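Student: turn this into a structure:
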Amino acid sequence: MFQILKNAIERQLTQRVPATGLAFFRIAFSLVALQEVIFLFYFRHLIFDPLPYLDRASPVLHVLLIAWMVILLFLVLGYHTRRCAVMNYLFWVVFVIFTPMWQDFDGGFDQLMTGSSLLLIFLPSERGFSLDRLRWAIRFSVPGQPYAAPNDVPRLAYTLPLAISLGLVYLDSGLHKVSSEFWRNGMGAWLPPTMPYYMSPLDISPLLNVRWLETAIGYTVMGFQLIFLFLLWFKSLRVPLLILGSSFHLGIILALNVYPFGFAMLVHYLLLVPFGWWRTFGTWITSDSPGLRVFYDEGCPLCTRTVSVLQPLDIRHGVAFMGLQSKARDVPELREIGEEVLLKDLYSVDQGSQVRSGIDTYIAIMEHMGWSAPIGWLLRVPGIYHLARRHYRSVADQRSRVACSDHCIPLATLDVMAEHPLSNLLKRDATDRQKAFRITKLLVLVGVLQMNSTLHYGVLYRWAGTKPSDPLLAVIDQASDSVINLSHAFLGISPHALYLHDHFDDYNQIVALTYKAPSGDEIWLPFINQEGRLVSPNWGRIQSMWANVAITSHMSLDRLEKFSKKITAFYATTLGISLNDAHFIIKSKHVEVPTEWSYDLRHRNMAADWVDIGQLHWQEGTARLELLRRPGP
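Tutor: Purely as a prediction, here's the structure:
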């Protein structure tokens, strides 16, 4: 088995494929992470303050969140990509381990982001659509030889994230689903959107009310998760996997209020898009032939670097850059102009045989590249045009020229990986066979760690409980749990036993909070509405905090009081309510969570009546919970 895996890895290391899909994955993944960090910053007092605004967390956290946003913005742009990938991974690890994100605000999203962020360190995603390519062009170009950065990657760079971030997660989740009664009944995809705490604002009752459709979706999801890891290696099956998988996660985004997790999983499917589709997309956005030919001085270092920068920016291939000394004499429009005159300016010829020079050539370049046309139009504005022409003339007249001979650095000796923060480790294996052997060993280790997590929660926990009475089982449980804590924190490996029977069993009561104004009016906080839904933007980890930690089928009064204090303190400050003397009402209502299909359950659960079960009284910044009765029938 090890040898089969090693051979597959080695084959994928030697196959070179375009970096386009990998670059789009980097951009999309970083945007998902960026929106989550912005979300963390928006809710920083609710998430990180022990008691929002009253007992504040260190302001250093706020600075770190801003720094994290900058790192992710650089990662989107592909600027010092690998260094930013390392820093992004460290931010995930630090925030997950040392803040309440792990215990109180965790819904499986952080582990996915941690694991994929670790992989991104080793993926050559900067080889497409990145500012790093421009940096290399400026750094490595020599007179007469514009540097063309590599734009292909090993096929393995696509397969690894799919196998680890999707395949192992799916397999673990699918195995847990097999043990869940309502998933075995085919109702696994139907039940969560009928529960007010989990449903999105979009009413999909017309779909939920079709039993055979929901049953088919439930069984398909479970089967898909169990076989995905084993099928993704077959080229002919990738399009069906792409369509099915992306459809499932689009369904999660539309049906549930765990949008960040849905988008984080969905962006991984960019790695399954066939390379032919990317080529077709490239053909669609590029010109059939360049509309402008630009002739640059091959003996000018500044001109060569400028061409090296502009070429990657010309994504529609609307401009052809040619060496003036070697190509100009073959162009009829330039034959009548002496070489001494040509060397003074940047000349261009368009398809209409119009000759331009100087700043007019730069304007034409901007317009023919397409996306930069507004810059060209701006440069045509009187006043701006004259200033730009004067600046161009000053630079052009002062630029230096060299005759490139044997002293020019051969491009083949320049190593863009030398700046990688882990370059010594990555260069350690000289051959593809050595790399494949090392990668295979790491994958086996990851598989063992994932198996430990799956067996721990799927077998040991369900069989012996959280505290096994047998001494041997207790030792095994403790050792397994210690390994899980490490793999969870640093590799993102964790059980994905989400939305199963043991979560929804007896989860028949949901709780909401309202404010009792001095006038006697009752005001619903912008947190949970009259239907029982968590309103925008209380999705993702805020929803997980309330629906998976504070209010559960085994509700603890301590947790109810703790998180009711956090919610009321946060929104009281946001709404300008003084906590010197404030009364909040604790409400509860009964909801149905059957393991069998029930018609129109979503509407019935939303329409159920609320009952006042207690109040939270704030006096001089101190809260006291008073329950008339525990949540329940």
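Student: burial measure for the nearest residue to residue 344 once chain neighbours are set aside, as a count.
Tutor: Excluding the flanking residues, the one nearest residue 344 by CB to CB, 6 or more residues apart in numbering is residue 396, at 6.9 Å. Where you see a C-beta, it was placed from the backbone N, CA and C, and this is true even at glycine. For residue 396, the neighbour count with other CB atoms under 10 Å is 19.
Student: and if you look at residue 84?
Tutor: Neighbour count for residue 84, taken as other CB under 10 Å: 24.
Student: CA atoms of the helix or strand hosting it as CSV?
Tutor: Per DSSP states H and E, residue 84 falls inside helix 81-98. Taking C-alpha atoms only, helix 81-98 is exported to CSV below (Å, rounded to 0.1, in the frame of the first residue of the first chain):
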residue,chain,number,x,y,z
THR,A,81,3.5,34.6,-0.8
ARG,A,82,5.3,31.9,1.1
ARG,A,83,6.4,34.2,4.0
CYS,A,84,2.8,35.4,4.3
ALA,A,85,1.5,31.9,4.2
VAL,A,86,3.8,31.0,7.1
MET,A,87,2.6,34.0,9.1
ASN,A,88,-1.1,33.3,8.3
TYR,A,89,-0.7,29.7,9.6
LEU,A,90,1.0,30.9,12.8
PHE,A,91,-1.9,33.4,13.3
TRP,A,92,-4.4,30.6,13.1
VAL,A,93,-2.5,28.4,15.5
VAL,A,94,-1.9,31.2,18.0
PHE,A,95,-5.5,32.5,18.0
VAL,A,96,-7.0,29.0,18.1
ILE,A,97,-4.9,27.9,21.1
PHE,A,98,-4.6,31.0,23.2
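Student: ok, the residue nearest to residue 344 to residue 231 distance?
Tutor: Note on residue 396: its distance to residue 231, by CB to CB, to the nearest Å, is 59 Å.
Student: same deal with residue 45?
Tutor: 45 Å.
Student: these two: which is more packed in?
Tutor: residue 45 (19 against 14).
Student: name the nearest residue to the more buried one, ignoring sequence neighbours.
Tutor: Closest to residue 45 by CB to CB, 6+ apart is residue 52, at 4.3 Å.
Student: tally up the residues packed near that neighbour, please.
Tutor: Each residue near residue 52 was counted by other CB under 10 Å, and the total is 24.
Student: now swap in the one 3 residues further on and tell me
Tutor: For residue 55, the number of neighbouring residues by other CB under 10 Å comes to 10.
Student: and it, backbone torsions?
Tutor: The phi/psi pair for residue 55 (degrees, to the nearest 10) reads phi -120, psi 100.
Student: and the gap between it and residue 591?
Tutor: Separation of residue 55 from residue 591 (CB to CB): 33 Å.
Student: could you pull up the mean pLDDT of stretch 64-82?
Tutor: What stretch 64-82 shows for mean pLDDT is 96.
Student: in that stretch, what counts as buried?
Tutor: Residues of stretch 64-82 classed as buried: 64-65, 68-69, 71-72, 74-82 (neighbour count, 16 or more other CB atoms under 10 Å).
Student: so which of the residues you listed are in helices?
Tutor: Using DSSP state H, 64, 65, 68, 69, 71, 72, 74, 75, 76, 77, 81, 82 are the members of the buried residues of stretch 64-82 that sit in helices.
Student: as TSV, these with distance to residue 258 would be great.
Tutor: Shown next, in TSV, are those (distance: CB to CB, whole Å):
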residue	distance to residue 258
64	25
65	21
68	22
69	22
71	25
72	21
74	28
75	23
76	23
77	28
81	29
82	30
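Student: next structured bit after the helix or strand that contains residue 227?
Tutor: Here residue 227, judged by DSSP H and E, is contained in helix 211-231. Following helix 211-231 in sequence order, the next helix or strand is helix 238-255 (DSSP H and E).
Student: run through who's touching that following helix.
Tutor: 166, 189, 192-193, 199-200, 202, 204, 217, 220-221, 224, 228, 231-232, 258-259, 261-263, 265-266, 269, 272-274 (CB atoms under 8 Å, 6 or more residues apart in numbering).
Student: so what's the gap between it and the chain middle?
Tutor: With CA atoms, centre = their mean, to the nearest Å as the basis, helix 238-255 stands 16 Å off its chain's centre.
Student: pLDDT on that helix, on average?
Tutor: Mean predicted confidence for helix 238-255 is 95.
Student: what's the angle from it to helix 211-231?
Tutor: Angle of helix 238-255 versus helix 211-231, following axes from the mean of the first three to the mean of the last three CA atoms, to 10 degrees, is 130 degrees.
Student: now helix 238-255: buried residues?
Tutor: Buried, per 16+ other CB under 10 Å, within helix 238-255: 238, 241, 242, 245, 246, 248, 249, 251, 252, 253, 255.
Student: nearest residue to the last one other than its sequence neighbours?
Tutor: Distances taken as CB to CB, 6+ apart put residue 193 closest to residue 255, at 4.4 Å, once the chain neighbours are dropped.
Student: how far does stretch 605-621 stretch from one end to the other?
Tutor: End-to-end distance for stretch 605-621, by CA to CA, to the nearest Å: 35 Å.
Student: now the element after the helix or strand of the chain with the lowest mean pLDDT, going C-ward?
Tutor: Every helix and strand in the chain was compared by mean pLDDT, DSSP states H and E; the lowest is helix 423-426, with a mean of 55. For helix 423-426, the following helix or strand on the C-terminal side (DSSP H and E) is helix 432-455.
Student: helices or strands next to that following helix in the packing?
Tutor: Helices and strands touching helix 432-455, by 3 or more CB pairs under 8 Å, 6 or more residues apart in numbering; DSSP states H and E, are helix 2-14, helix 169-178, helix 471-491.
Student: name the residues that touch that helix?
Tutor: With CB under 8 Å, 6+ apart, helix 432-455 has contacts from 2, 5-7, 9-10, 13-14, 156, 160, 163-164, 168, 171-172, 175-176, 429, 480, 483-484, 487-488, 491, 493-495.
Student: which among the residues you listed end up buried?
Tutor: 5-6, 9-10, 13, 156, 160, 163-164, 168, 171-172, 175-176, 480, 484, 487-488, 491, 493-495.
Student: low pLDDT regions in the stretch 501-633 of the chain?
Tutor: The model of the stretch 501-633 of the chain has pLDDT under 70 over residues 630-633.
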